[in-house]
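Chemist: sequence first, predicted coordinates after that:
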Amino acid sequence: MDFSSILSGGFGAAQLTSYFSLAYLAVFLPATIVLYWLMPQKARRWVMLIAGYAFFWIISGKLVIFLILTTFSIHWFGLWLDKLNQLRKTEAKAAADRAEKKTIKKAYQRRQRGVVFLAAVLHIGTLLLLKYSPFFTTNINSLLESIGVHFAFDIPKYILPIGISFFTMQAMSYIFDVYNGTVKADHNLLRLALYIGFFPQIVEGPICKYNDTADQIYQAKQISYANLTLGLQRILYGLMKKMVVADRLNPVVTTIFDDYSKFSGPTIFFGAVAYTIQLYMDFSGTMDAVCGTAQIFGITMPENFKRPFFSKSISEFWKRWHITLGAWFRDYIFYPVSMSKPMKNLTTSARKKLGNHFGPLLAGAVALFCVWFCNGLWHGAAWSYIFFGMYHFALILSGNIIAPFSKNLNKKLHINSECFAYKVMQIVRTTVFVVIGEMFFRAHGLKAGLAMFKKLVTDFSLAELKDGYLTALGVDIKDIIIVAVTLIIIFVVSVLNEKGILIREKLSQKNIVLRWLVFLSLILFIVIFGAYGAGYDPVDPIYANF
């Protein structure tokens, strides 16, 4: 990227959609840090708010109106719920007996549910309209054509603001929590605006709950040397993941997925593995940048990844991958569905007929289906994403069903499920399932994904593995070595983190010479081995598209 273009006014969306762009790292973030550091506490809040809206305006232009309207609307709905709650308490206090209090409570609960429903229709409905109406319209037209109806609806075209899925879900989590009583409605519009519009998380999350970050951001702590250095270290670590691994793998991923018909099963699998690594390094690297930026300002964000490729089951994998999205679906879809009155009745009935293990699984399966259908659709308006969701739904449900059989089988065969070899086997099995799922996720449509899977299991030709093979895929042996070395570094760090050994904290206890030697070595490593310059096109954050 040409730094002079930024100074001459080329400070546009394409340059700031990434937290690793020169525009962000060399201009926007330093300017925000300096202004924030110079101001007193109250003014720091306004600096952070202006930074949030300026960042969103730079990447989305006039579509910043969506963020502004969401903030005012959510604030108003929260106050409405709070007012109803206060009226309920006042009337209940004046009630003559318990029966009358119960009647009053039910009446106000119905009104509050109506408010929540209205908020959901307005905000989630807007998201559905903008993001999914072209998909649904296209499929309705296809259905009409298949039954001989010669009529087609016009397919709408909308421009989506970047990050709308993230900030809409975050805003709605606040409304749900106010309704459930786990959060008090915030009368302070500035605090709520800071919570929804905190600039590091707008593009790709994490999806924070109000109690996670609202007060932290509003406190507007002074920047400390420790937080500044620790935050910058984490940003650099994310930059290494993104530029050295994810972006370097992009040519081979694009080549294989764009022209999969030219390749055999082994190459398809190589492409699926490469994409899985690319996606993880891109998304987790961005989360490192987000959490590192937040740490500079003294804010602790919820972690979105906890070493997912150490998982021994698909269920565990999704507790370690995109954690905040999974928590949102768990709290606001899985629990409400599984704990609803019809599901409770179903569980009671099924428990009598199917036993204590399989009985509860029936209602759980309904809730799990709702979660994974929404999870698949959340990632995009395409059948491939819905299939991706159903794929993981089937794997998790199957794992829940066969769990007691597996335990009994291991016992009969005298297999120690706690031994190292058995755990490695579980990790490898889970990783293979994940790679196959990501292949469908990345494929250009469900038909392409199924065709790639067919090649994966039926075409074992190794004829294409010859001289010039890697070059034809857009990489060379040097690229593979650089990626491999970087992955080994990240693997070692991950193993240590898994054991509770935090590298940055350990490093902060060492002398300043060693700390800066490591810091500068990381910068040098990225400069030398990062994928940029001639021959490399800048790759926008993958999850920003979702």
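Modeler: Sure thing, it's come through. Everything numeric in this text was worked out from a predicted model, so none of it was measured.
Chemist: let me know the helix or strand that the nearest residue to Ile74 once chain neighbours are set aside is in.
Modeler: Excluding the flanking residues, the one nearest Ile74 by C-beta to C-beta, 6 or more residues apart in numbering is Ala171, at 4.5 Å. Using the backbone N, CA and C atoms, a C-beta is placed for each residue, glycine as well. Ala171 is part of helix 164-180 when elements are defined by DSSP states H and E.
Chemist: can you name the element that comes right after that helix?
Modeler: Later in the chain than helix 164-180, the nearest helix or strand by DSSP H and E is helix 189-196.
Chemist: would you confirm that Leu230 contacts Arg504?
Modeler: Yes: assessed by C-beta atoms under 8 Å, Leu230 is found in contact with Arg504 at 5.6 Å.
Chemist: list the contacts for the most centrally placed residue in the chain?
Modeler: Using C-alpha atoms, centre = their mean, the residue of the chain that lies closest to the mean C-alpha position is His322, 4.4 Å off. By C-beta atoms under 8 Å, 6 or more residues apart in numbering, His322 lies in contact with Phe283, Asn304, Phe305.
Chemist: can you do 7 Å?
Modeler: If a contact means C-beta atoms under 7 Å, 6 or more residues apart in numbering, then His322 has Asn304 as its contacts.
Chemist: now do Ser384
Modeler: Phe440, Phe441, Ala443, Gly445, Leu446, Gly449.
Chemist: looking at those residues, which is nearest Val492?
Modeler: Phe441 (27.9 Å; C-beta to C-beta).
Chemist: hmm, who's touching the helix or strand the closest one falls within?
Modeler: Element membership of Phe441, judged by DSSP H and E, is helix 420-442. With contact meaning C-beta under 7 Å, 6+ apart, helix 420-442 is reached by 257, 272-273, 275-276, 279, 309-314, 317, 384, 387-388, 391-392, 395, 415-416, 449, 452-453.
Chemist: can you say which of the residues you listed are buried?
Modeler: Those of the contacts of helix 420-442 that meet the buried threshold are 257, 272-273, 275-276, 279, 309-314, 317, 384, 387-388, 391-392, 395, 449, 452-453, by 16 or more other C-beta atoms under 10 Å.
Chemist: correct me, but Ile162 touches Ser60?
Modeler: Yes: Ile162 sits in contact with Ser60 when judged by C-beta atoms under 7 Å, with a separation of 5.4 Å.
Chemist: got the buried residues for stretch 117-130?
Modeler: So, applying 16+ other C-beta under 10 Å, buried residues of stretch 117-130: Ala119, His123, Thr126, Leu127, Leu130.
Chemist: dump the residues you listed to JSON lines, plus secondary structure and pLDDT.
Modeler: Shown next, in JSON lines, are these (DSSP: H, G, I helix; E, B strand; the rest coil; pLDDT from 0 to 100):
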{"residue": "Ala119", "secondary structure": "helix", "pLDDT": "97"}
{"residue": "His123", "secondary structure": "helix", "pLDDT": "95"}
{"residue": "Thr126", "secondary structure": "helix", "pLDDT": "93"}
{"residue": "Leu127", "secondary structure": "helix", "pLDDT": "92"}
{"residue": "Leu130", "secondary structure": "helix", "pLDDT": "90"}
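Chemist: greatest separation within the residues you listed: which pair is it?
Modeler: Top of the distance list for the buried residues of stretch 117-130 (C-beta to C-beta): Ala119 and Leu130, 16.9 Å.
Chemist: neighbours around the nearest residue to Gly376 once chain neighbours are set aside, how many?
Modeler: Sequence neighbours aside, Gly389 is the residue nearest to Gly376 in space, at 2.2 Å (criterion: C-beta to C-beta, 6+ apart). Counted with other C-beta atoms under 10 Å, the neighbours of Gly389 add up to 21.
Chemist: could you do Glu464 as well?
Modeler: Residues lying near Glu464 (other C-beta under 10 Å) number 14.
Chemist: please apply the same query to Gly61.
Modeler: 13.
Chemist: so Leu127 makes contact with Ser165?
Modeler: Yes: counting by C-beta under 7 Å, Leu127 touches Ser165, with 6.5 Å between them.
Chemist: show me the shaky parts of this protein.
Modeler: 1-17, 96, 533-538, 544-546 (pLDDT under 70).
Chemist: and the helix holding Phe441, how far from the chain's centre?
Modeler: 20 Å (C-alpha atoms, centre = their mean, to the nearest Å).
Chemist: CA atoms only: put that helix into CSV for me.
Modeler: Extracted in CSV, the C-alpha atoms of helix 420-442 (Å, rounded to 0.1, in the frame of the first residue of the first chain):
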residue,chain,number,x,y,z
PHE,A,420,-2.2,-39.7,25.0
ALA,A,421,-2.6,-41.8,21.9
TYR,A,422,-6.4,-42.0,22.2
LYS,A,423,-6.6,-38.2,22.7
VAL,A,424,-4.4,-37.6,19.6
MET,A,425,-6.7,-40.0,17.6
GLN,A,426,-9.7,-37.9,18.8
ILE,A,427,-8.0,-34.7,17.8
VAL,A,428,-7.1,-36.0,14.3
ARG,A,429,-10.6,-37.3,13.8
THR,A,430,-12.2,-34.0,14.8
THR,A,431,-9.8,-32.0,12.6
VAL,A,432,-10.7,-34.1,9.6
PHE,A,433,-14.4,-33.5,10.2
VAL,A,434,-13.7,-29.8,10.5
VAL,A,435,-11.6,-29.7,7.3
ILE,A,436,-14.4,-31.4,5.3
GLY,A,437,-16.9,-28.9,6.8
GLU,A,438,-14.7,-25.9,5.8
MET,A,439,-14.4,-27.3,2.3
PHE,A,440,-18.2,-27.0,1.9
PHE,A,441,-18.1,-23.6,3.6
ARG,A,442,-15.5,-22.2,1.1
